[in-house]
Structures are given as structure tokens and as C-alpha cells.
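Asks: Would you be able to build a 3D model of this:
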Amino acid sequence: MNRPSTHFALLALTLLPLSGQCLVIHPSQIDFGLSETDDSTAASAWLVNDQEEPLLPSLLGDSGDAIRIGGELSEIAPGDSLQLELWFQPEQNLDYAGSLVLGGSEGAALLEYTGAGDFPGTTWDDTAGLSGQALLDVLRARVRQHSVLSYTTARTHMFSTIDNVNGQVECVYTGTLVTTSGIPPATTMNTEHSWPQSRFEDPDTATTDLHHLYPTMATVNSSRSNLPFGNVVYPDAGWPQGGSWLGEDENFIQVFEPRDEHKGDVARSLLYFAIHYTNWYDFLTYMEPTLRQWAVQDPVSNKERARNTAIEAVQGNRNPLVDQPALIDRIYSFSGSADFPNNSNLQFWPAALDLGVETDVNETFASLVLHNGGSTSVSLWALAATPALLDFDGFPASLAPGESRLWSLRLSADAEPGEYDITVNFRSTAGNRSFPVRVTLAGSAVPDAEPLPALFTLHPATPNPFNPSTRLSFTLARAGQARLCVYNLAGQRVATLLEGPTAAGSHELRFDASHLPSGLYFVSLEALGQCRTRKLSLVR
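Replies: Okay, the predicted model is just below:
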């Protein structure tokens, strides 16, 4: 069931843009509350374009893994806004804190979100918020609470009920069906121990644990023997058989590869075995990376869920990785240390800035987002720009794990008109970082833009960029003298489209730039004692 979030209220008054930023997100923080992992929670935010040109925002980064944007991001007109539909869809019963970064090369905006996931039902509620060794300890205590069956009893249940469908039992390796109502002749079909008995340190319980026992044809069972599982690259003669392979992997280790529909099953069985019995004889160590891949490649099926329930009915415990396969990701290693190692991972968005062309040094403002995606704090220092023409605000001295920070830069007040390619560098305990900043400060001959009444408007050119012509339109609040001109970056007038008395209302003119080279230009409207300027981009 989809349900709306009730954790914030959005008022129309909050849509006032913040000075300087090209893109603003309202609200900047959302709490989605608690949502079950098979459910989703909806919320809305608004993107506001606080610049004089249309803006097409994009998703620059997402530090979390539980939120998605509904619909497509579309162009936002100057001063306009776009409603953003967000869906919180947790996969784990954990607390979530993430950052959604939107924007483009002109800068970034940051939306921070929190929420919590909950597994449906109560079976694995005691795993909430746990990971690493703490999670492994809880799972181990749970799965060890079961009845130990005799070998005959375990096999009887497997062949007569658990894996018996309409009087037939299927070999998990080949798909071969054998008609039986009980334990079949061992020369036809027998019991496969996914974790081989020759790799048992204490066989009394593990021998009859149905969570890793499967029916297999006797000949294939014999061929697999006590080999590890893996991806066969160099098959033996006579293979594959029923979709399963025998041979050497890429490291020339002899392995057995089950057919695709059993790969996830055997992966979750062996990882369960390691939870319950630990990594006996280090049998899991070599296989674990492959098994993790198989668990994703072959997701839990309805058949596997039904088998888990049927085993619980006779043995008294469940495989938690069948009920909640996402738990696999919360244990760093089933064959070694379960705890996640400390790591540093510093990210920033966008990776490069292009502030375009501005006529006022005060307009050359952009925001970036720094994010610590690692599990240890990151210290930052030695922020510098080359050449030294940028001022910075909000650059942090450190970031906690999972923390995001919005910081800004602008051209220094003493910057002269010109084109600048600047490199920003800083150092951190997660490594040194750098990114380029490109900006053009136009010549002073181009009139500065000034705030105008609502009806005194120079509209964006259509199209823009253009080749070789574009439409220029404007609206005057009342009749009066008007002058519409186009300038190049040096402030030289390259076209006069209108000069003289002009009636009130809307006007449109065509600007033909066939005689001009590609590049950036300005169109400037002077009327009623005021001036308004917009950028033009001629692309051939």
C-alpha cells in the first residue's frame, strides 16, 4: 500500500528562492518515518529555479539506497518551480539517513532525508538496526534453536513431503524427476549435503540439517563429491549434465557449478550453514564471493520460500536468508570477520562547474555538495583555487560518516572581466581532490541587469541555444522609448533590433545571427528607465 508522508507541511510561502543559488529545494529536509520493506512512503518537494535562464536539473548523486524520484525531471523556467515526487522504499529494517543531490554544471542543491524500514511481521524483528558481528550473533542464536532429526527421519521428510510434488521428486542439479513416496534406492537418487560431510567438524547436527540437504541423482552427486561450488570455465568431458557443470574455474580450481535455478538456493544454504556451524575447515572462504553473486543472480523463489516453511514444520527453524535475503549485505563476511572494516569514501557533486556568462561578479555563485560515504570521519583542509579568484563559504573542517554538506563559491570581488578556467584543490584524509570551474565575466559595456516590475519582462530566447536565428520577446508595462540590442562578450554591440517609441504590451522580434561566429552573446532591453539582460548561445 502506498501512503503519503505526514512528517512535514509545505506552505506556499516557503517557495521564495534563496539568493544566489541557481537551484533551491523546498523543504531541504524530509522525514519519511517508518515504512515496511514491502511498502513505500510518498512525499513531495519543490525545485525552484533562481536564475535568469531555463534550468534542466538532473540527479547528480544519491548517498542512500532507499529513495527514488517519480516521473521525469523537466526544464524549469526562470523563477518557476517544479514539484518533485519522492518515494521512500527501504530494503532493510534499518534507520536511513541519506542525501539527494540535484542540479547541473551550474551548481547543486541538497535534500537530506531520514526514515526507517521495518520487516513485515515479527519473525526477524530482533535484527532491527544490527549489522556485522552483532547481527551474526543474533541469527546464530536463532537458527540453532531447532530439533535434531535422525538421518532416516530427515530423508523421509525430504523425499515424501518437503520436495515431493504429486509423487515425484526433482534432482536439483539436473531437473530429472523420480517417482517415489519415500526414500528412493540410493543407486537412483540420494541426499546431497551442500556442505560436504568430509568438511564437517561436528557431524551430529549438521548431517541431518535439512536447510542444506537436497535430492540429487546418485551419479551427479558422486561427481560433485566434496568439491567447492564455482563458475566452470574449463569443463570436463561429458559436461554439462542437465544444466550443471563440472570442471575448472578461472583459477584452475576444480569446482562444481549447479544449474542456474539452483545457484541462489545453494548460496543461501551454505551461508546459512556458516551462520549455524561457522566456517568449518575454511570450506566457504574461497566460494563466498561467488555465492554472494549467485544469491543476487538467482533471487528467492516461491518454491524456496515454501521449502523453508516445510523444513520449519519438522525441524523447528528457518533460514533467515530465504526470508530476508537483504540480510546478506549486512554481514561483511560469513567466512571471516563479520564486521565491516573502516573505510574512507569522500564524494562531491557536481564534478565540474561551468557558471556560464555573468555581467555581475556577485552573480557568479554556485553550490556544491560534499558527502562522506565511508564509515570513518574525514578531515578536510588546504582548500585553494588556482588562479586565486574564488571566495568560499561553508567548506567543512570534517565530515562524519554519512554526513553531507552544502558549500558555496563565487568569483572574488576584484575579478576583472574575462574568461576563467580555475582549478579548485583540497586535501582530505580520504585523499586529495580537485575539480575545474569555468566562468566568464562579461565586459562592462554590457548593461547590468536590474530588478524590474513584474510586467517589465525580457523573456528567454526561443530557441536557445540557436542556429542561426532565434525569437526575442518582451513585455512592457506601458508605452515608452525602448531599445533592444545584442552584444558580444567584449561588450561590443553587434545588432540593434529595436530603437524608438514602443507601445505597451507584448512584442516579438527575430534575431538572425547568420553573420556572427558561434559563441555567447547578450540581448539587452532598455526601456522605461530600466534595463534587463539575457544570455544567448549561438551554436553552429
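
Asks: How about residue 286, nearest residue that isn't a chain neighbour?
Replies: residue 228 (5.8 Å; Cβ to Cβ, 6 or more residues apart in numbering). Bear in mind the C-beta positions are built from the backbone N, C-alpha and C, glycine included.

Asks: for residue 52, same thing?
Replies: Sequence neighbours aside, residue 78 is the residue nearest to residue 52 in space, at 5.2 Å (criterion: Cβ to Cβ, 6+ apart).

Asks: count of neighbours near the one you found?
Replies: 15 (other Cβ atoms under 10 Å).

Asks: That one - that's part of a helix, no?
Replies: No - going by DSSP: H, G, I helix; E, B strand; the rest coil, the assignment for residue 78 is coil, not a helix.

Asks: coming back round to it: how many residues are close by the residue nearest to residue 286?
Replies: Residue 228 has 20 nearby residues by other Cβ under 10 Å.

Asks: wait, isn't it in contact with residue 248?
Replies: No - the pair residue 228 and residue 248 fails to qualify as a contact (Cβ atoms under 8 Å) at a distance of 11.5 Å.

Asks: number of nearby residues for residue 101?
Replies: 26.

Asks: Return the set of residues that bridge with it.
Replies: residue 61, residue 110 (DSSP bridges).

Asks: quick one on the thing from earlier: name the residues contacting each of residue 228 and residue 248.
Replies: Counting by Cβ atoms under 8 Å, 6 or more residues apart in numbering, the contacts common to residue 228 and residue 248 are residue 255.

Asks: so what's the residue nearest to residue 52 up against?
Replies: 49, 51-55, 460.

Asks: so where do the helices sit in the stretch 151-300 of the chain?
Replies: Using DSSP state H, counting those that start in this stretch, the helices of the stretch 151-300 of the chain run over 151-157, 203-206, 218-224, 260-277, 288-297.

Asks: Distance of residue 259 relative to residue 273?
Replies: 20 Å (Cβ to Cβ, to the nearest Å).

Asks: Comparing the two, which residue is more hemmed in?
Replies: Shown here are residue 259 and residue 273; by other Cβ under 10 Å, residue 273 has more neighbours (26 against 18).

Asks: thought that one was touching residue 194?
Replies: Yes - using Cβ under 8 Å, residue 273 is in contact with residue 194, at 7.2 Å.

Asks: anything in contact with each of the two?
Replies: Shared contacts of residue 273 and residue 194, counting by Cβ under 8 Å, 6+ apart, come down to residue 212.

Asks: who touches the host helix or strand of residue 135?
Replies: Assigned by DSSP states H and E, residue 135 belongs to helix 132-143. Outside helix 132-143, the residues within contact range by Cβ under 8 Å, 6+ apart are 126-127, 130, 272, 275-276, 317-320, 327, 330-332, 334, 337-340.

Asks: try stretch 179-196
Replies: With Cβ under 8 Å, 6+ apart as the test, stretch 179-196 has contacts from 152, 155-156, 158-160, 164, 167-169, 171-173, 178, 206-207, 212-218, 221, 224-226, 266, 269-270, 273, 277, 280, 283.

Asks: do the same with stretch 532-540
Replies: So stretch 532-540 is in contact with 52-53, 356-357, 359, 446-450, 452, 456-458, 460-461, 464-468, 470, 474, 486, 511, 513, 516-525, going by Cβ under 8 Å, 6+ apart.

Asks: PyMOL command for the buried members of the residues you listed?
Replies: Listed next is the PyMOL selection for buried residues among those, using 16 or more other Cβ atoms under 10 Å:
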select buried, resi 52+53+356+357+359+446+447+449+452+456+457+458+460+461+464+466+470+474+486+511+513+516+520+521+522+523+524+525
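
Asks: Which of the contacts of stretch 532-540 fall within strands?
Replies: 356-357, 457-458, 470, 474, 486, 511, 519-525 (DSSP state E).

Asks: Can you name the residues that contact residue 383?
Replies: So residue 383 contacts 392, 395, 424-426 (Cβ under 8 Å, 6+ apart).

Asks: with those residues in mind, which one is nearest to residue 346?
Replies: Using Cβ to Cβ, residue 426 is the member of those that sits closest to residue 346, with 9.8 Å.

Asks: Point out the other helices and strands that the helix or strand that closest one falls within packs with.
Replies: For residue 426, the element it lies in under DSSP H and E is strand 418-428. Counting by 3 or more Cβ pairs under 8 Å, 6 or more residues apart in numbering; DSSP states H and E, the packing neighbours recorded for strand 418-428 are strand 378-386, strand 433-441.
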